[in-house]
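# can you look at this prediction? I've put the sequence above it.
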Amino acid sequence: MMNTKETYQTTDLTLSSFLRCRGFQIENIKQNNGRTLFIFQESPELRRAILDFANDAAVAVRSFCSTMRDLKAIARVLIFFVAAAVTAHTALAQQNTAPQKLEKEGVEVEFTIEPIKEPGRKSDKPAELMEAKEAVVRFKIHDKATKTPLSGVKPAVWFSEREQGIADEKICREKIQSFLQGNLRSQADVDLNTYYMLALNEEANISVIDPLLGFGTSKLLTLIMLKSPGEDWAQKANDEKIFVSMPLINQVAVVDTNTWKVVANIDTGLKPMRVRLQPDERYLWVGNDGAAGESNNVTVIDTATLKVVAQIATGTGHHELEFSNDNRFAFVTNQKDGTLSVIDIQKLAKVKDLKTGPITSTGFSTLGNALYLVNDAEGSITVVDTRSQQSVARIPVKPGIRNVRFAPGGRWGFAPNPKENVVYVFDASTNRLAHTISIADKGPDQVTFTDTYAYVRTTGSTQVNMIRLSTLTGQPDIAKFPAGQTAPDEAPLEASVADVMVPAPEGNSILLANPADGVIYYYAEGMAAPMGSFQNYRRRPRAVMVVDRSMREVTAGVYSATTKLPKSGSYDVAFLLDSPRITHCFSAEAKPNPEVAHEKQVGLRIEYLNKEKQVRVGENYKLRFKLIDTKTSSAKSDLNDVRVLTMLSSGIWQKRDFARSVGDGVYELDLKVPQAGVYLVFIESRSQDVAFRQLPHLTLQTAAATATNNPGKEGQE
């Protein structure tokens with residue numbers, strides 16, 4: 001039985017003011033036949049206070065008068081206030097998904113999805129949750145009894161377009177189970193538990209690899225085709241864009257990570273190499289190395305409009321790029337001139353040049369708010385304060401330094417020297433050299449970090465050295481592991497300026513591209529060797545990047561991700577917590593986006609009639625399916641151009657045949673597959689303007705496992 005609270009109601013303004021002065025809260029205020037009704041929660045204390053009022057008990061005069069004045073004002077505007085509140089509530093309900101709460105297994109979960117207001121939007125109207133528009137997904141998870149945030153629980157979340165009504169607990173559990181198994185029949189529209197590895201290849205393309213599909217064989221999701229080989233890249237957080245420099249054609253490619261396609265190619269100066277985003281990501285800065293002996297510049301691109309906003313002359317030679325924390329200044333090195341150009345970002349104009357000598361690499365310490373400039377030839381690291389824009393210190397080392405990187409927190413700087421086979425570690429709090437660590441393996445050149453270790457790659461061997469960060473105040477603790485079969489410098493290609501090692505989203509693990517092996521290795525801390533490897537289809541990876549779509553803990557017990565709902569409509573938001581085990585489906589709804597060009601309705605609907613999805617190599621398999629007119633819902637018979645594409649999932653074999661009509665919208669075709677494997681079957685009819693990719697495909701297998709239909713629109717023409 002529901003426990004309903006008892007209330008006390010009165011239209012007496014004086015009594016209500018008296019009770020408020022005694023500390024009793026007004027639970028609600030209503031209009032009743034033109035009179036204002038004040039509602040309090042019933043209690044023995046309230047009854048005693050009412051008796052005190054009847055006996056002319058005293059209250060503070062000033063407080064009583066102030067309270068009565070406020071309640072009179074509320075009474076006068078109540079009708080207008082209620083109407084406005086209802087209107088506002090209705091508008092908000094249309095524009096935002098209200099918080100949804102779940103209590104289960106002693107845990108409280110609150111789910112919200114809120115649209116991100118577009119930069120420059122002047123309307124006071126709240127942003128609407130729309131298809132193809134960015135939105136923030138947020139889960140707040142805490143203990144029900146103590147309200148303690150549950151940190152580190154890593155919830156799993158999927159969005160799937162709703163097919164019928166709201167998913168009950170049984171259907172929800174089945175959905176989650178199928179998502180966990182990677183079932184082709186029920187793939188999520190949005191998966192917030194994934195990340196993708198990108199390999200910048202020697203050729204004019206980028207490999208997109210889904211590491212969560214498993215290890216060992218190629219997990220190539222797609223190839224992003226570029227106009228020319230890429231040299232460096234930068235990823236815009238939360239905006240699903242990647243910028244890739246292409247020095248051979250003097251352009252920067254813009255990749256949309258939703259579609260994995262190039263959406264723009266932007267002209268820059270001559271030979272664009274290094275690309276960097278300033279901290280607020282408003283501008284992308286491109287260092288144009290130019291022709292030999294010629295003065296060159298940096299190109300500045302607005303990341304929202306993808307337009308060039310400035311070409312700023314700096315100096316000759318290769319450029320490295322850094323920025324002040326407050327986005328006020330950009331710092332551009334000019335290697336041949338031996339200078340550092342300081343640029344006012346607001347004015348997009350050069351302020352001055354500092355004489356530094358030839359700089360090969362730069363790093364920025366958040367702790368010291370300073371730049372660290374590596375002079376390879378001289379063997380020194382110059383420290384430049386970003387506020388005074390003056391050199392404040394110099395750290396002497398030996399010639400041959402390749403680059404400089406800072407560990408999390410900005411205190412410890414690492415500068416590998418492949419010529420001397422050492423790694424210099426300096427303290428940004430004192431600007432002094434702390435350690436010179438000898439590396440037994442030849443050619444230490446790149447460094448990346450987790451919270452626990454610094455990882456140092458060597459080009460002359462397969463070994464990766466690990467330096468425990470917590471030991472840097474004393475004697476450094478060093479370990480190593482092999483990452484591949486062949487030393488990186490045996491690869492017949494030039495090294496990229498981009499990173500070949502990056503931390504993996506799981507934490508305490510890294511991804512490392514070995515161009516000589518043509519493989520990307522995954523290493524988890526505590527292991528003696530990489531846990532797995534990812535093939536790159538015989539392409540040589542020059543750099544590696546992670547595009548992370550997973551939920552992140554932004555504060556204690558609060559998990560968030562930015563995403564886009566691909567289509568308008570209602571979605572089930574499947575939620576899984578491992579410990580304690582909690583499954584639930586929340587709801588979300590996206591409105592149609594008028595800016596999105598929607599595809600016209602597909603003219604046909606297909607129903608596959610085969611119950612047996614297992615085929616035998618070299619034997620006939622009778623494929624049967626039914627075509628239905630989408631507009632009339634009637635069977636579509638006697639089409640003469642119903643073509644069937646059968647292809648091996650690896651893409652190395654395919655065959656196209658015409659199916660025959662047997663009446664009542666049913667079509668048949670005898671298929672014969674040449675070898676064992678998984679086969680995909682696609683259907684098209686050009687007279688009905690239906691292409692292969694527009695209808696759900698059928699999956700057939702020669703293996704023992706049972707195949708399934710896929711209701712998604714997958715395939716290719």
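Now that the structure is in, tell me what you want to look at.
# and the closest residue to Arg605 other than its chain neighbours, bridged to which residues?
Excluding the flanking residues, the one nearest Arg605 by Cβ to Cβ, 6 or more residues apart in numbering is Ile628, at 4.4 Å. Quick note: C-beta positions are derived from backbone N, CA and C, even for glycine. When bridges are called by DSSP bridges, Ile628 pairs up with Arg605, Ala635.
# OK, contacts around Ile628?
Leu604, Arg605, Ile606, Glu607, Ser634, Ala635, Lys636, Gly665 (Cβ atoms under 8 Å, 6 or more residues apart in numbering).
# what sits against the third one?
I take that to be Ile606. Phe625, Lys626, Leu627, Ile628, Ile683, Leu695, Pro696.
# next one: the nearest residue to the first one once chain neighbours are set aside from Met246, what distance?
On the basis of Cβ to Cβ, 6+ apart, the spatially nearest residue to Phe625 that is not a chain neighbour turns out to be Tyr608, at 5.0 Å. For Tyr608, the distance to Met246 under the criterion Cβ to Cβ, to the nearest Å works out to 44 Å.
# neighbour count for those two, which is higher?
Ranked by neighbour count (other Cβ atoms under 10 Å), Tyr608 and Met246 place Met246 first, with 22 against 18.
# for the more buried one, which non-adjacent residue is spatially closest?
Ser228 (4.2 Å).
# the one you found and Val262, how far apart?
11 Å.
# and the residue nearest to Met246, how far from Gln235?
With Cβ to Cβ as the criterion, Ser228 and Gln235 are 20 Å apart.
# can you list the domain ranges for the chain.
According to automatic domain parsing, the chain comprises the domains 7-95, 101-117+128-191+554-590, 226-359, 604-701.
# between the two ends of the last one, how far is it?
To tie it back to what came earlier, the one meant is domain 604-701. 26 Å (Cα to Cα, to the nearest Å).
# off-centre distance for that domain?
36 Å (Cα atoms, centre = their mean, to the nearest Å).
# what about Met197, neighbour count?
Residues near Met197, counting by other Cβ under 10 Å: 24.
# residues touching it, list them.
Counted by Cβ under 8 Å, 6+ apart, Met197 has contacts Ser207, Val208, Ile209, Pro211, Leu511, Ile520, Phe534, Val544, Met545, Val546.
# for PyMOL, what selects the buried ones among the residues you listed?
Buried subset of these, written as a PyMOL selection, criterion 16 or more other Cβ atoms under 10 Å:
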select buried, resi 207+208+209+211+511+520+534+544+545
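# and the contacts of Met197, which is closest to Asn403?
Val544 (16.3 Å; Cβ to Cβ).
# once you drop chain neighbours, what's closest to that closest one?
Ala513 (4.2 Å).
# ok so the one you found is a strand residue?
Yes. Under DSSP: H, G, I helix; E, B strand; the rest coil, Ala513 sits within a strand.
# enumerate every residue touching it.
Ala199, Val500, Met501, Val519, Ile520, Tyr521, Pro541, Arg542, Ala543, Val544.
# wait, doesn't the fourth one sit right on Tyr537?
So that's Val519. No. If you go by Cβ atoms under 8 Å, Val519 and Tyr537 don't touch, sitting 10.7 Å apart.
# so these two - more neighbours on which side?
Under the criterion of other Cβ under 10 Å, the comparison of Val519 against Tyr537 puts Val519 first, with 21 against 12.
# nearest spatial neighbour of the more buried one, chain-adjacent residues omitted?
Ser533 (4.9 Å).
# quick one, grab the pLDDT at that neighbour.
pLDDT, Ser533: 89.
# distance of the closest residue to Glu490 other than its chain neighbours relative to Val351?
Nearest residue to Glu490, sequence neighbours excluded (Cβ to Cβ, 6+ apart): Ala516, at 4.7 Å. Distance, Ala516 to Val351, by Cβ to Cβ: 44 Å.
# more crowded one of those two?
Taking neighbours as other Cβ under 10 Å, Ala516 and Val351 compare with Ala516 leading, 18 against 12.
# helix, strand or coil for that one?
Going by three-state DSSP: Ala516 is coil.
# tell me where the chain has helices.
13-21, 44-54, 61-95, 169-181 (DSSP state H).
# can you flag the weakest of those helices by average pLDDT?
Minimum mean pLDDT among the helices of the chain: helix 61-95, a mean of 50.
# residues contacting Val617?
Val673, Pro674, Gln675, Ala676, Thr702.
# look up the pLDDT of it for me, please.
Value listed for Val617 in the pLDDT field: 91.
# that one and Leu609, how far apart?
From Val617 to Leu609 the distance is 23 Å (Cβ to Cβ).
# for Lys442, what are phi and psi?
Lys442 adopts backbone torsions of phi -80, psi 130, taken as degrees, to the nearest 10.
# leaving out chain neighbours, which residue sits closest to it?
Gly460 (2.8 Å).
# the one you found and Lys419, how far apart?
12 Å.
# what does Thr562 give?
From Thr562 to Lys419 the distance is 43 Å (Cβ to Cβ).
# repeat that for Ala132.
51 Å.
# and what of Glu553?
Distance from Glu553 to Lys419, by Cβ to Cβ: 42 Å.
# how about the strands in the stretch 451-600 of the chain?
With strands called from DSSP state E, counting those that start in this stretch, the stretch 451-600 of the chain shows them at 453-458, 463-468, 478-482, 501-503, 509-514, 519-524, 532-535, 541-548, 552-555, 558-564, 569-577, 582-590.
# in TSV, list these along with distance to Lys442.
Below are these laid out as TSV (distance: least, Cβ to Cβ, whole Å):
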stretch	distance to Lys442
strand 453-458	6
strand 463-468	9
strand 478-482	13
strand 501-503	17
strand 509-514	15
strand 519-524	19
strand 532-535	23
strand 541-548	20
strand 552-555	38
strand 558-564	42
strand 569-577	47
strand 582-590	52
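# just give the closest residue to the residue most central in space within the chain, not the sequence neighbours.
With the centre of the chain defined as its mean C-alpha position, the nearest residue by Cα atoms, centre = their mean is Arg549, 3.7 Å away. Once flanking residues are discounted, Arg549 sits nearest to Thr194: 5.0 Å by Cβ to Cβ, 6+ apart.
# phi and psi next, for the one you found.
phi -110, psi 160.
# residues near it, how many?
Taking other Cβ under 10 Å as the definition, Thr194 ends up with a neighbour count of 17.
# wait, it touches Ile209, no?
No. Counting by Cβ under 8 Å, Thr194 does not reach Ile209; the two are 11.3 Å apart.
# the nearest residue to Val464 once chain neighbours are set aside - how many residues pack around it?
Spatial nearest neighbour of Val464, chain neighbours left out: Ala483 (4.9 Å); criterion: Cβ to Cβ, 6+ apart. Using other Cβ under 10 Å, Ala483 has 27 other residues around it.
# give the contact list for Ala483.
Per Cβ under 8 Å, 6+ apart, neighbours of Ala483: Arg457, Thr462, Gln463, Val464, Leu512, Asn514, Tyr521, Tyr523, Pro530.
# mind putting the residues you listed into TSV with distance to Glu108 and pLDDT?
Below are these laid out as TSV (distance: Cβ to Cβ, whole Å; pLDDT from 0 to 100):
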residue	distance to Glu108	pLDDT
Arg457	45	96
Thr462	49	94
Gln463	49	95
Val464	43	96
Leu512	41	96
Asn514	46	95
Tyr521	41	95
Tyr523	37	94
Pro530	40	93
